[in-house]
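[1] Quick one, what's the 3D model for this:
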Amino acid sequence: MSSPKVKAAFNQQVIMLPIESIAAQREILPSYRKSTIYLQISASLEHVGLIEPLVVFPKGPNEYLLLDGHMRLDILKRSGVAEVRAIFATDDEAYTYNKRVNHAPPVAQHFMILKALKNGVSEERIAAALNVDVGSIRKKRDMLDGICPEAIELLRNSHMTADAFAVLRKMKPVRQIEAAEYMLAGGTYTVLFAKALLEVTPSEFLVEVPASRKVDAKSGGARVMFEQESDLLLRDLKAVEDSYGTDILILKMSCRYIERLLENGRVERHLTKHHPDILNALRGLLSEVAPEKAKALAS
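    Numbers count the residues shown, from 1 in each chain. Purely as a prediction, here's the structure:
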C-alpha cells in the first residue's frame, strides 16, 4: 500500500506584499529592540537585505497574518519599507520552519566566515552585517589555527568559544583530542574547564612549557603525581558518562521491581518483622529515585 503524500506547509513562490497588509501576532517591546539579536538582524537587513522571506497566512482580501518574522517586520516597518517579500503558509499554524532552529555553533560560524572571505566579502562588511567589531570577526577567523582536525570534528557541534580554543591551542594534537573527549563527556566547554585541563596536562604534551613549570625536582615530582591523578579522574568521568544511560535504565527497572514487591502486603510485613534494616534501605533508595512512589508505599 502506497504511503499518503505529505502536504506541503508552504507555497514555494515568493511574492511581494504591502507591508501594511501584514498583521503581526505579537508586539515587539521597546526594550527588546535593544537586544543583541534584534540589533544583529537590523544590521543584517541594512547591509545584506532580506534573505529569508516572511511567512504569512491569507486571512482575507489584502489581509495577511504573520506567522514567522516578527522582528524582521518590525525593523522593516521602522525603516519605512513599503513592500516586503513573503511566502504563503497553507495552514494557520505558527509552528514554522524557524520555530526550532538551532543557532550555528562557533565552529560552523568559523567556516562560514572563511567562505565569505574566500568569496571576496571584506571583514568590515561581515562585521557590519553581524553588528560586531572587526576584531571579533578576526578572532573567529583564526579560531581553529593550531587545532588538529580530529579535535575540530569532536567539537564541531559544541558551543565552545574562541577563547577556549585558544587554550586548547597550547596543547599538542594528541592532548587536544583527549581534552575534546573530556569536554564532550562532561558537557562543559568553558574557558575555565579548558584551563583546568591545561593545568593537569603533562609537560611533554604542551606546545611550550611555561616558566612556572620549571621548578625543583621535589615540587616537580608532586606536580607529576597530581597530573596523573587528575588524568585518571577525567578518564573515570568519561567512563561514567559512557555507561550512564544504561546504568539509569537498570536502576529504574530495579526500583520498579522493588515497588511491586513492597506493594505486596505479605512481603512488606515479612521485611518489617525480620529485616527492618533492609526495608528502610529499600525505601531510602525509592525516596531518591521515585519519591512519589516511596511516599505512597509509606502511607
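
[2] and the closest residue to N131 other than its chain neighbours, what element?
    Spatial nearest neighbour of N131, excluding adjacent residues (C-beta to C-beta, 6 or more residues apart in numbering): A43 at 3.8 Å. Yep, even glycine has a C-beta here, placed from its N, CA and C like the rest. For A43, the element it lies in under DSSP states H and E is helix 36-47.

[3] In that helix, which residues are buried?
    Using 16 or more other C-beta atoms under 10 Å as the test for burial, helix 36-47 gives 38, 41-45.

[4] List the contacts of stretch 140-149.
    106-107, 109-110, 113-114, 117, 123, 152, 162, 165, 168-169, 173, 176-177, 207 (C-beta atoms under 8 Å, 6 or more residues apart in numbering).

[5] any idea of the mean pLDDT for the helix or strand containing A281?
    Under the criterion DSSP H and E, the helix or strand holding A281 is helix 276-289. In this model, helix 276-289 has a mean pLDDT of 83.

[6] residues of that helix that come out buried?
    Neighbour-count burial for helix 276-289 [16+ other C-beta under 10 Å]: 279, 282-283, 286, 289.

[7] Tell me the helices and strands packed up against that helix.
    helix 217-263, helix 265-274, helix 291-298 (3 or more C-beta pairs under 8 Å, 6 or more residues apart in numbering; DSSP states H and E).

[8] so where do the strands sit in the stretch 51-200 of the chain?
    Assigned by DSSP state E, counting those that start in this stretch, the stretch 51-200 of the chain shows strands spanning 54-60, 63-68, 83-88.

[9] can you give me the angle the last one makes with strand 63-68?
    Orientation of strand 83-88 against strand 63-68 (axes from the mean of the first three to the mean of the last three C-alpha atoms, to 10 degrees) gives an angle of 80 degrees.

[10] ok, back up a step: for the strands of the stretch 51-200 of the chain, which one sits closest to L198?
    Nearest of the strands of the stretch 51-200 of the chain to L198, taken as C-beta to C-beta: strand 63-68 at 43.4 Å.

[11] now that closest one and strand 54-60, what's the angle there?
    Using the same axes, to 10 degrees: strand 63-68 against strand 54-60 is 150 degrees.

[12] which residues touch Q12?
    I87.

[13] Can you give me the pLDDT of it?
    70.

[14] now V6
    For V6, pLDDT reads 47.

[15] and what of A222?
    At A222, pLDDT is 54.

[16] For A162, which non-adjacent residue is closest in space?
    That would be M143: by C-beta to C-beta, 6+ apart, it lies 4.3 Å from A162.

[17] The closest residue to N157 other than its chain neighbours: what's it in contact with?
    Spatial nearest neighbour of N157, excluding adjacent residues (C-beta to C-beta, 6+ apart): P105 at 5.5 Å. Neighbouring residues of P105 by C-beta under 8 Å, 6+ apart: 156-160.
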